[in-house]
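Q: The sequence and its predicted three-dimensional model are supplied below.
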Amino acid sequence: MSESQGTGSTQRLPVMEKTADSRLGQSASAAAYEPVDGAGRGGSRFWSVRRGPACVVALLLLIGGGLFLYDVVAVRAHRSAMPWRRTLAHRLAEQPLDSTWVLVGGGVVAALGVALLVLAVAPGLRGVLTMDPAHTDVRAGLHRHAAARVLRERAMEVSGVQSVHVRLGRDRADVRAVARSRELDDVRADLDRTLTDTVRSLGLRRPPALSVHVRRAGRKG
């Protein structure tokens, strides 16, 4: 991991929105982060190689193109066309355009085409968060499950926390903790401070918004 913010930089404190309901035994907060020193601007995501779809498409094109090319060469050499091509040509000539099979086949082909276009233009690798490296010629990324593990370990260090569940997306970190002791608002405030520092220390180009929910542990029996 790398940190993009220097110790001497000036930054605004996160905005806290607090809602609490003592009857439900829960306490929640949300923190929004504003990047400093140009962090979070630009920063391309990591692109997936997608070798599997590329190999499948290339293999299908190779087989289909090879069959059609062989058949065309055979016809040019005054040989009869392959039986499957003659049958296919007759079926297509006799099949009406509003037939159910034609519409279904066209829909399937169109769906496959749209899926291939989406794969071509979408970066992929949603599980890798882009980091803000200290050097411009270095690209760094952090897996989401690794970042979530760090947040959970830091949250478990807070006094009064019994268990923590962290769900980390690209834009939001949802932390749900169970407190066994202390006041819920005190535990939540400590979690806010600890996790705020942890999120910033991850060095992400786009730090996720932090949402912390704390509830009281249920009584056994």
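A: Cool, got the structure.

Q: alpha carbons only for contacts and neighbour counts from here, please
A: Fine.

Q: Counting neighbours, which bits of the lengthiest helix in the chain end up buried?
A: In the chain, taking DSSP state H as the definition, the longest helix is helix 51-76. Buried residues in helix 51-76, counted by 16 or more other CA atoms under 10 Å: residue 71.

Q: Next, the angle from the next helix-or-strand element following it to helix 51-76.
A: Using DSSP states H and E, the helix or strand that directly follows helix 51-76 along the chain is helix 83-94. Interaxial angle, helix 83-94 versus helix 51-76 (axes from the mean of the first three to the mean of the last three CA atoms, to 10 degrees): 90 degrees.

Q: Buried residues of helix 83-94, list them for me.
A: Buried residues in helix 83-94 (16+ other CA under 10 Å): none.

Q: Do a quick rundown of the helices in the chain.
A: Using DSSP H, helices in the chain cover 51-76, 83-94, 100-121, 144-156, 184-201.

Q: Quick check: chain neighbours aside, which residue is closest to residue 177?
A: Sequence neighbours aside, residue 164 is the residue nearest to residue 177 in space, at 4.3 Å (criterion: CA to CA, 6 or more residues apart in numbering).

Q: Can you tell me the number of residues neighbouring that neighbour?
A: Neighbours of residue 164 under the rule other CA atoms under 10 Å: 18.

Q: Quickly list what the residue nearest to residue 161 when sequence neighbours are not counted is bridged to.
A: Spatially, and ignoring its direct neighbours in sequence, residue 161 is nearest to residue 179 (4.5 Å; CA to CA, 6+ apart). Beta-bridge pairing for residue 179 (DSSP bridges): residue 161, residue 216.

Q: Test my guess that residue 179 contacts residue 185.
A: No - using CA atoms under 8 Å, residue 179 makes no contact with residue 185, being 10.4 Å away.

Q: Those two: which is more packed in?
A: Higher neighbour count among residue 179 and residue 185: residue 179, with 24 against 20, using other CA under 10 Å.

Q: where's stretch 168-187 relative to the chain centroid, distance-wise?
A: What separates the centre of stretch 168-187 from the centre of its chain is 22 Å, taken as CA atoms, centre = their mean, to the nearest Å.

Q: ok, now stretch 208-221?
A: 25 Å.

Q: mean confidence for that stretch?
A: Stretch 208-221 shows an average pLDDT of 79 in the prediction.

Q: which residue sits farthest out from the middle of this structure?
A: residue 78 (55.8 Å; CA atoms, centre = their mean).

Q: show me the contacts for that residue.
A: For residue 78, no contacting residues are found, by CA atoms under 8 Å, 6 or more residues apart in numbering.

Q: Out of the helices of the chain, which gets nearest to residue 213?
A: Proximity to residue 213, assessed across the helices of the chain by CA to CA, is greatest for helix 184-201 (7.3 Å).

Q: Give me the most central residue, this protein.
A: The centroid of the chain falls nearest to residue 126 when counting by CA atoms, centre = their mean (2.8 Å).

Q: how close does that residue sit to residue 196?
A: Shown here: residue 126 relative to residue 196, a distance of 23 Å by CA to CA, to the nearest Å.

Q: And for residue 117?
A: Relative to residue 196, and taking CA to CA, residue 117 is found at 39 Å.
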